[in-house]
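A.B. asks: got a predicted structure here, sequence first:
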Amino acid sequence: MIENIYLVRHGESLGNIDQLAYKTTPDHNIPLSEKGLRQATAAGIALRDWIVLPDNEPFRIWTSPYKRTRQTTEQIRQELIGKFPQLQIREHINLCEQQFGLFDGLTDEEIKEKFPHEEAHYAFAEKHGGKFWARMPLGESRFDLALRVHEAFGTFHRDSERYGFNNLIIVCHGNTLRAFIMRWLHLPYEWFDQFPNPGNCDVYHIHYNQSGNGEYIHRTPADI
């Protein structure tokens with residue numbers, strides 16, 4: 001049985017500090033900033049201190065395949081490998097960021113200017129159906145994202161049952177992290193919209209208490 005999951009949002013990316021980065025670089029290829037690299041190192045140090053495992057117990061990091069999550073994972077790996085030489089890294093495509101379709105990388109003003117009809121349709125859907133259900137034109141809704149993330153759970157459960165991977169680190173994105181917690185702990189969809197987007201390299205530790213109920217703890221590495 002999976003005992004502990006440490007969900008980590010990627011470090012600060014160039015897209016987080018400058019929207020213009022999306023004009024020249026696809027979302028999946030946006031790298032970390034220098035501060036983001038330091039944040040990822042701090043997250044690795046914190047995780048090294050927080051995680052306690054029996055000797056030689058299998059241990060795995062699952063990561064989104066985006067560049068910024070790969071870089072975050074590598075910084076974390078460097079801090080953990082000395083303590084956990086059995087550490088393995090795998091990628092899961094279902095952990096990638098929400099797909100924003102036509103609106104990807106655009107400001108609200110640019111969306112209204114370039115895609116006025118699509119923006120109006122999305123605004124109508126958001127107003128009358130709710131943000132969780134409204135689908136981005138040629139992209140995903142938060143509902144779609146939650147379904148996609150849930151599809152990955154079978155992989156994690158099979159790894160636990162067959163190979164004993166009962167402690168995981170998952171490096172992903174803000175919306176993906178929220179969708180993961182919501183689906184893993186069977187929370188209502190309203191929770192997603194009310195829960196604030198995690199900060200860069202914030203850690204959410206899902207564990208099971210003595211009653212066997214799952215819960216999460218927000219754990220923030222030392223500030224950089």
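C.D. replies: In hand now; what should we look at? Residues are numbered from 1 along each chain as shown.

A.B. asks: where do the helices sit along this structure?
C.D. replies: Counting by DSSP state H, residue ranges of the helices within the chain are 14-17, 21-24, 34-50, 67-80, 108-114, 116-129, 142-151, 153-163, 174-184, 189-194.

A.B. asks: which ones are touching Leu106?
C.D. replies: Leu106 sits next to Tyr22, Lys114 when contact means CB atoms under 8 Å, 6 or more residues apart in numbering. All C-beta spots, glycine's among them, are computed from the backbone N, C-alpha and C.

A.B. asks: now with 10 Å, please.
C.D. replies: By CB atoms under 10 Å, 6 or more residues apart in numbering, the contact set of Leu106 is Gln19, Tyr22, Lys23, Phe100, Lys112, Glu113, Lys114, Phe115, Glu119.

A.B. asks: which pLDDT value goes with His207?
C.D. replies: His207 is assigned 91 on the pLDDT scale.

A.B. asks: and the closest residue to it other than its chain neighbours, how many neighbours?
C.D. replies: Spatial nearest neighbour of His207, excluding adjacent residues (CB to CB, 6 or more residues apart in numbering): Asn4 at 5.0 Å. Residues lying near Asn4 (other CB atoms under 10 Å) number 16.

A.B. asks: next: the one 3 residues further on.
C.D. replies: With neighbours defined by other CB under 10 Å, the count for Leu7 comes to 22.

A.B. asks: repeat for the one 3 residues further on
C.D. replies: A count of neighbours around His10, defined by other CB under 10 Å, yields 32.

A.B. asks: for His205, find the nearest of the helices of the chain.
C.D. replies: Across the helices of the chain, His205 has its closest neighbour in helix 34-50 (7.4 Å, CB to CB).

A.B. asks: buried ones in that closest one?
C.D. replies: Neighbour counts using 16 or more other CB atoms under 10 Å place 35-47 of helix 34-50 among the buried residues.

A.B. asks: stretch 54-61 too?
C.D. replies: By neighbour count on 16+ other CB under 10 Å, the buried set for stretch 54-61 is Pro58, Phe59, Arg60, Ile61.

A.B. asks: next: stretch 82-102.
C.D. replies: For stretch 82-102, burial by neighbour count (16+ other CB under 10 Å) applies to Phe84, Leu87, Glu91, His92, Asn94, Leu95, Cys96, Glu97, Gln98, Gln99, Phe100.

A.B. asks: tell me which two in these are the farthest apart.
C.D. replies: Phe84 and Phe100 (35.4 Å).

A.B. asks: of the contacts of Leu106, which is the nearest to Gly139?
C.D. replies: Phe100 (4.8 Å).
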